[in-house]
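Asker: Need a 3D model of the following:
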Amino acid sequence: MKAAVHCTGGDVPVEVTWTTQGAQSAALSVDGARESKNLDPSGSATVNVTCNNETHEVMLTAVDAAGQTADETHRVRTVKGQPTTLPVIDAFTVTTGQCDGSTLAVSAQYRTTGATTVAFDVDGQAPGAQAGLETSGAADVPDVPCDGKSHQITLVATNADGQSVQATQYVKGAATPVITDFSVAGSVHCQGSEVEVKVAWQSTGARSAAAALDGGIAARDLPASGSTTISVPCRDGSQKIGLVVTANDGKQASVVHSVTTIPSGGGTEPVIDSFTLEAPGCQGSTVKVKAAYRTSNAESVAFEVDGEDPGMQAGLPTSGRAKVPDVPCDGKAHQVTLLATSSSDRSVQQTRTVGPLFGSQ
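Answerer: From the prediction side, this is the model:
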């Protein structure tokens, strides 16, 4: 439904459209008073609101076969007295991104004519941080809740005489968590029965995290982003360290890396002192990820992408910068592993997660 209507007096009709799931009927109320009932579960109708320069609440109630109900309310403002010249909103669209904690990333694209200022409302309230918006262009809409509910994004365009028009779009975002980085050594040399392996991670949209070793929980109630150590048995072979993050609504995301434990032997062990990744914007189906790294006691280094050799790695310096080729731009996170090998063929690994990466359409 519209966010604002111009009128001259009395009642003004407002068209409302809706879609429901699992309902048998619907009803509409205006300012708490039932306007119409026994409507189709998905459809459209017209309600009447008073032309009084005030904001009115229109509520949709969906009813299922068992009599259970669900409600959603939107607001419409009546503007009494039709101005002679109004600004025009020629276009207005919104695009939703990922949830970051309790807020949803929302970007708006819009074009107006005859407006001197524009502003956004979220559910009828100004979200702030809007100074200097262009009258036509693109902008981020702040403070949109990420709670799985529908929210009203309104663009208000005002001319030099203080006359304004509005257009509204609706967005909804669930707090699905995303693991943006998970770092763990690919191999460790050890002595004795166990070795402490450090893991570090970053996530968005999560409430908590848990670490796992070979499918069993190794540490619970960890922060959504942070680090910890896992006690790993010191034996020849590969073991799996995993991370699970959980959002407020119970949704989860997980990632698993392999770590190879190598009981102490002869030779000099190489060391990976630092390893970072930077992913540029995708222009196709793959991208070259920028890597910066520093090693000690290494004779050669190489990279793997999701456990596979991406090729094109001859002559890499043992410390410096390189571009890791053929990282897929498929909307998923990918593992990039740095392998450092010494002259005695002892090697260590360190893995970073990059992405999700989205390719061009």
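Asker: so who does the residue nearest to residue 341 when sequence neighbours are not counted touch?
Answerer: Distances taken as C-beta to C-beta, 6 or more residues apart in numbering put residue 347 closest to residue 341, at 4.2 Å, once the chain neighbours are dropped. To be clear about C-beta, it is placed using only N, CA and C from the backbone, and glycine gets the same treatment. For residue 347, the contacting residues are 187, 270, 339, 340, 341, by C-beta atoms under 8 Å, 6 or more residues apart in numbering.
Asker: which one in the residues you listed is the model shakiest on?
Answerer: Within the contacts of residue 347, pLDDT reaches its minimum at residue 187, with 81.
Asker: got the contact list for it?
Answerer: Counting by C-beta under 8 Å, 6+ apart, residue 187 touches 259, 260, 261, 262, 347, 348, 349.
Asker: ok, residue 309 touching residue 302?
Answerer: Yes - Residue 309 is within contact range of residue 302, at 7.3 Å (criterion: C-beta atoms under 8 Å).
Asker: out of the two, which sits in the more crowded spot?
Answerer: Set side by side, residue 309 and residue 302 show unequal neighbour counts under other C-beta atoms under 10 Å, the larger going to residue 302 at 17 against 12.
Asker: and the more buried one, bridged to which residues?
Answerer: Here residue 302 sits in beta bridges with residue 339, going by DSSP bridges.
Asker: Isn't it up against residue 324?
Answerer: No - counting by C-beta under 8 Å, residue 302 sits too far from residue 324 to count as a contact (10.1 Å).
Asker: mean confidence for stretch 73-84?
Answerer: Average pLDDT, stretch 73-84: 79.
Asker: ok, residues contacting it?
Answerer: Applying C-beta under 8 Å, 6+ apart, the external contacts of stretch 73-84 come out as 1-9, 12, 14, 49-60, 123-124, 152, 161, 163-164, 166, 168.
Asker: Only the buried residues of that stretch, if you could.
Answerer: Within stretch 73-84, the residues that count as buried by 16 or more other C-beta atoms under 10 Å are 74, 75, 76, 77, 78, 79.
Asker: Cross those residues against strands and list the overlap.
Answerer: 74, 75, 76, 77, 78, 79 (DSSP state E).
Asker: these two touch, right, residue 262 and residue 238?
Answerer: No - assessed by C-beta under 8 Å, residue 262 is found out of contact with residue 238, at 10.4 Å.
Asker: So if I had to pick from those two, which one is more boxed in?
Answerer: Counted by other C-beta under 10 Å, residue 262 and residue 238 do not tie: residue 262 has more neighbours, with 18 against 11.
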